[in-house]
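Student: Build me a model from this:
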Amino acid sequence: MSGTGSLVRRTAVAAALAVLAPVAGCSSSGGNAAQAVAAPEAVDAGPLVHLPAGAAVDPSQPLTVTAEDGSRLTDVTVTGSDGRLVAGELASDQHSWHSTGRLHAGTTYTVRVAADDGHGGRGDTSGGFSTTAPKDQITADLGPDSAGTGVYGVGQPLTVKLSEPVEEPAARQEIERSLQVVSQPAVTGAWYWVDDKELHFRPQEYWPAGTRIRLSYDRPGALVSAGRYVGEASSRSFTIGDRVEALVDAGSHQMTYRRNGAVVATFPVTTGKPGFSTRNGIKVVLGQESLVRMNGETIGIKEGSKEAYDLDVHWATRVTWSGEYVHAAPWSVGSQGVENVSHGCTGMSTDNAKWFFDQTRIGDIVQVVNSQGAQMEPFGNGFGDWNVDWGAWVKHSALGRAVSTAGPGDAAADAGADPVI
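Tutor: This is a model prediction of the structure:
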């Protein structure tokens, strides 16, 4: 590398150590961007120790530490400014050490080395260097947004939207390694790549009621692929509420509302009539509007036709982006519990819709069965994630495996202490 390292004498070591920067580690400018760690004051006896200095180094290259004059390395510790250790291993003859973990871009590292000369002389020294700043960074927008109460239903998936597409399998693995889900209680879950820029995470089963969750994107500067690095760290924390499940049976025209497994209420409903049948499957509540204008043209119904409508609708709980709601439908009360007459939504009386609206939150489950309609799409029209078989879900993880959300606070939490998340 370019630049001149600091020379340090240490009385306790009878051999010289050379701390070498990564191979081909100099910047293209050849400038001395990184400063050498300040050397201890020289003393009268002892060996010379070469501390790294000079230009910032390339984080994509390995770091090597070598003992000179027959010395043996007894310990090498490389720590980033974020407190994380860089994994590495000693050679069998203990004359050298090389990193096995990757360096991060734009990071300052401290190197601490201990060695002996084979004749009873022991000592240690330290140095430091910086890696070049990342130019192409991939940032992540994490969801759900924890604004407001930060409490969601048991069906809420975690979402990550990347700032740029990631296609290569190895690069996707690095993105997954940069994402961490910690929850209390811990669950088994997995990531699913919806497309090149979006990932979803869900447990094998619904989140347990009361779960506390922290989602983090937290390896800034980690190499994703050639020239591309993990961008700025970010995180979201939120809580899961009660287990709320609304089962809409389009065959019997009834909704059964359960909270934490217990039936709380049943309501007569009407769902989509032939030609407009409601989608079957598990849906997740996306949002709620006390008043929304509904117009048939938004779903392809021609204005002036016999199916046309343009209505102010109250107490609307949205379950798809294409316009499917559970809502008040006072004009169809006579058909509710009897037949299906809607254009795809689940219609209820005004009082029942208001009750449902007040007792439901984003992330709760609405499942439709026995409809003549198609199956709910897994992605793109809301959160149909729970309609994907678990085995198929795991196969769409870049790492190809499920993960535990156990975190550092689990043991303490099990013992009655506050969880750390």
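Student: What is the neighbour count of residue 119?
Tutor: Burial of residue 119 is recorded as 10 neighbouring residues (other C-beta atoms under 10 Å). For the C-beta atoms, the positions are set from N, CA and C on the backbone; glycine is no exception.
Student: cool, residue 145 as well?
Tutor: 12.
Student: Tell me which residues touch it, please.
Tutor: Contacts here follow C-beta atoms under 8 Å, 6 or more residues apart in numbering; on that basis residue 145 touches residue 236.
Student: Shouldn't residue 74 be within a helix?
Tutor: No: according to DSSP: H, G, I helix; E, B strand; the rest coil, residue 74 belongs to no helix; its state is strand.
Student: wait, it sits on residue 114?
Tutor: Yes: distance between residue 74 and residue 114: 4.8 Å, which falls inside the contact criterion (C-beta atoms under 8 Å).
Student: so where's this protein uncertain?
Tutor: By pLDDT under 70, the low-scoring segments of the chain are 1-55, 147-148, 296-297, 306, 308, 408-421.
Student: So which residues of it form helices?
Tutor: With DSSP state H as the criterion, the chain has helices at 169-177, 350-358, 390-395, 410-414.
Student: Those helices into TSV, with extra columns for distance to residue 92?
Tutor: As requested, the helices of the chain are arranged in TSV below (distance: least, C-beta to C-beta, whole Å):
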stretch	distance to residue 92
helix 169-177	29
helix 350-358	69
helix 390-395	39
helix 410-414	36
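Student: Name the residues contacting each of residue 74 and residue 114.
Tutor: Residues touching both residue 74 and residue 114 (C-beta under 8 Å, 6+ apart) are residue 122.
Student: These two: who's more crowded?
Tutor: Counted by other C-beta under 10 Å, residue 74 and residue 114 do not tie: residue 114 has more neighbours, with 18 against 15.
Student: how close does that one sit to residue 234?
Tutor: When distances are taken as C-beta to C-beta, to the nearest Å, residue 114 and residue 234 turn out to be 37 Å apart.
Student: do the same with residue 62
Tutor: When residue 62 is compared with residue 234 (using C-beta to C-beta), they lie 29 Å apart.
Student: next one: residue 180
Tutor: On the measure of C-beta to C-beta, residue 180 and residue 234 end up 12 Å apart.
Student: Mutual contacts of those two, please.
Tutor: Counting by C-beta under 8 Å, 6+ apart, the common neighbours of residue 180 and residue 234 are 216, 218.
Student: you'd agree residue 253 is up against residue 267?
Tutor: No: Residue 253 sits out of contact with residue 267 when judged by C-beta under 8 Å, with a separation of 9.7 Å.
Student: what is in contact with those two at once?
Tutor: With the criterion set as C-beta under 8 Å, 6+ apart, the overlap between the contacts of residue 253 and residue 267 is residue 336.
Student: list the contacts for residue 160?
Tutor: Contacts of residue 160 (C-beta under 8 Å, 6+ apart): 140-143, 179, 198-201, 215, 217.
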